[in-house]
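In: Have a look; sequence and predicted model below, questions after that.
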Amino acid sequence: INDVAQVVESPLMRRGIAELNGNGETVGGIIVMRYGENAKATIDAVKAKQDSLKASLPEGVNIVPVYDRSTLIDKSVDTLTNKLVEELLVV
């Protein structure tokens with residue numbers, strides 16, 4: 001192989017690196033909900049657990065939610081409620 005190419009040993013490529021908003025490396029986590037569970041109740045339970053963990057985190061360590069479906073769920077329920085009330089009034 002030395003006749004055709006230059007052979008160089010290098011470290012393995014790093015895997016599992018996460019970056020958030022270009023601020024450097026960070027740790028990532030994903031909450032997985034079981035099939036058939038109540039999404040809103042699960043999100044509320046995760047938020048409560050997150051609040052209880054904040055006090056025990058080292059200085060400079062923060063938990064930053066990246067995607068939170070609770071706003072989407074709340075607005076969807078509000079829209080459905082409003083439409084049902086409107087339809088009830090029409091009928």
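Out: Looks like it arrived, so ask away. Numbers count the residues shown, from 1 in each chain.
In: in the protein, which spans are strands?
Out: For the chain, the strands defined by DSSP state E cover 18-19, 25-26.
In: These: which one's closest to Arg69?
Out: Smallest distance to Arg69 across the strands of the chain (CB to CB): 20.1 Å, for strand 18-19. Every C-beta, even on glycine, is put in place using the N, C-alpha and C of the backbone.
In: Can you list the strands that that closest one pairs with?
Out: Here strand 18-19 is paired, per DSSP bridges, with strand 25-26 (antiparallel).
In: name the helices or strands packed onto the longest helix that the chain contains?
Out: If you go by DSSP state H, the chain has its longest helix at helix 70-90. When contacts are defined as 3 or more CB pairs under 8 Å, 6 or more residues apart in numbering; DSSP states H and E, helix 70-90 packs onto helix 39-54.
In: Number of residues surrounding Ile73?
Out: Using other CB atoms under 10 Å, Ile73 is surrounded by 14 other residues.
In: so it touches Asn38, yeah?
Out: No: counting by CB atoms under 8 Å, Ile73 does not reach Asn38; the two are 9.8 Å apart.
In: could I get the strands of the chain as JSON lines with mean neighbour count?
Out: As requested, the strands of the chain are exported to JSON lines (neighbours: other CB atoms under 10 Å):
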{"stretch": "strand 18-19", "mean neighbour count": "10"}
{"stretch": "strand 25-26", "mean neighbour count": "11"}
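In: thinking again about what came up before, and the longest helix of the chain with helix 39-54, angle?
Out: Counting by axes from the mean of the first three to the mean of the last three CA atoms, to 10 degrees, helix 70-90 lies at 150 degrees to helix 39-54.
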